[in-house]
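**Student:** Got a sequence here, can you build the structure:
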Amino acid sequence: MNKSWFLEINAFYEQAISTVKGRLAQLAALPEADIEPEMPLLLAALHCYHGEMQARLGIHDPTRQTNLDANLSTLRKFGSTAYPELADVLSGAGDPFTRRLVDGHATYRRYNQEALTLYQSLGDRFGQWSALRSLGFAALFAGQFATAAGYVDQLSALAETTADAHNRLPALYIRGYIAL
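**Tutor:** Here you go, the predicted structure:
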């Protein structure tokens, strides 16, 4: 993927955030308006995705982690209504390949462990696979090979239940690095 595609997506997020903020302001100004929970939920998720995109573009924002934490808190307030969005945002923020978004492997583990729990409660197998993959790589990058091997075992078991060879590849990749 080239940088122009990422720049277009970044601009899309900025426009979407502006539009949703404007709509929320309009609704808040109406005395009888009842704001649906989906609007603030969408805004929080958009902010999180926008931060992730900026990290991928190398745009430095010293408030990124603070903003991410605030938006995650907003999503958590919605409870089970926001589980799919919260799990996806946590999974994106916990991707060990976007190191600029969050600080340290402990944060990756925390985000992905929470995402894994949410994906399991939702029965989302792809989400579980994604969280386990990220947990395995984060442990590998931190030099915690026994922990990484545990995630590889879970990842392999999940791939076996879906009979999906593609999903086995990250497990084999991590296991290969552990062996080295």
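**Student:** Would you mind measuring from the residue lying farthest from the centre of the chain to residue 20?
**Tutor:** For the chain, the residue at maximal distance from the C-alpha centroid (CA atoms, centre = their mean) is residue 31, at 35.8 Å. Distance of residue 31 to residue 20, given as CB to CB, to the nearest Å: 21 Å. Just so you know, the C-beta spots here come from the backbone N, C-alpha and C atoms, and that holds for glycine as well.
**Student:** In three-state terms, label the residue farthest from the centre of the chain for me.
**Tutor:** What DSSP: H, G, I helix; E, B strand; the rest coil gives for residue 31 is coil.
**Student:** Let's see the pLDDT reported for it.
**Tutor:** At residue 31, the pLDDT value in this model is 74.
**Student:** For it, what are phi and psi?
**Tutor:** phi -60, psi -30 (degrees, to the nearest 10).
**Student:** burial measure for residue 52, as a count.
**Tutor:** By the criterion of other CB atoms under 10 Å, residue 52 has 21 neighbours.
**Student:** Once you drop chain neighbours, what's closest to it?
**Tutor:** residue 92 (4.7 Å; CB to CB, 6 or more residues apart in numbering).
**Student:** now do residue 82
**Tutor:** Leaving aside its sequence neighbours, residue 82 is closest to residue 75 (4.7 Å, by CB to CB, 6+ apart).
**Student:** which is the next helix or strand following the helix or strand hosting that neighbour?
**Tutor:** Secondary structure from DSSP states H and E places residue 75 in helix 64-77. Next along the chain after helix 64-77, taking DSSP H and E as the criterion, comes helix 83-93.
**Student:** Would you mind extracting the C-alpha trace of the helix or strand just after that following helix into CSV?
**Tutor:** Scanning forward in sequence from helix 83-93 by DSSP H and E, the next helix or strand is helix 105-122. Taking C-alpha atoms only, helix 105-122 is exported to CSV below (Å, rounded to 0.1, in the frame of the first residue of the first chain):
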residue,chain,number,x,y,z
HIS,A,105,4.6,-4.5,25.3
ALA,A,106,2.6,-4.5,28.5
THR,A,107,0.1,-2.1,26.9
TYR,A,108,-0.1,-4.4,23.8
ARG,A,109,-0.8,-7.4,26.1
ARG,A,110,-3.4,-5.5,28.1
TYR,A,111,-5.3,-4.2,25.0
ASN,A,112,-5.2,-7.5,23.2
GLN,A,113,-6.1,-9.6,26.3
GLU,A,114,-9.2,-7.4,26.7
ALA,A,115,-10.0,-7.6,23.0
LEU,A,116,-9.6,-11.4,23.1
THR,A,117,-12.1,-11.6,26.0
LEU,A,118,-14.6,-9.4,24.1
TYR,A,119,-14.1,-11.4,20.9
GLN,A,120,-14.7,-14.7,22.8
SER,A,121,-17.9,-13.3,24.3
LEU,A,122,-19.1,-12.2,20.9
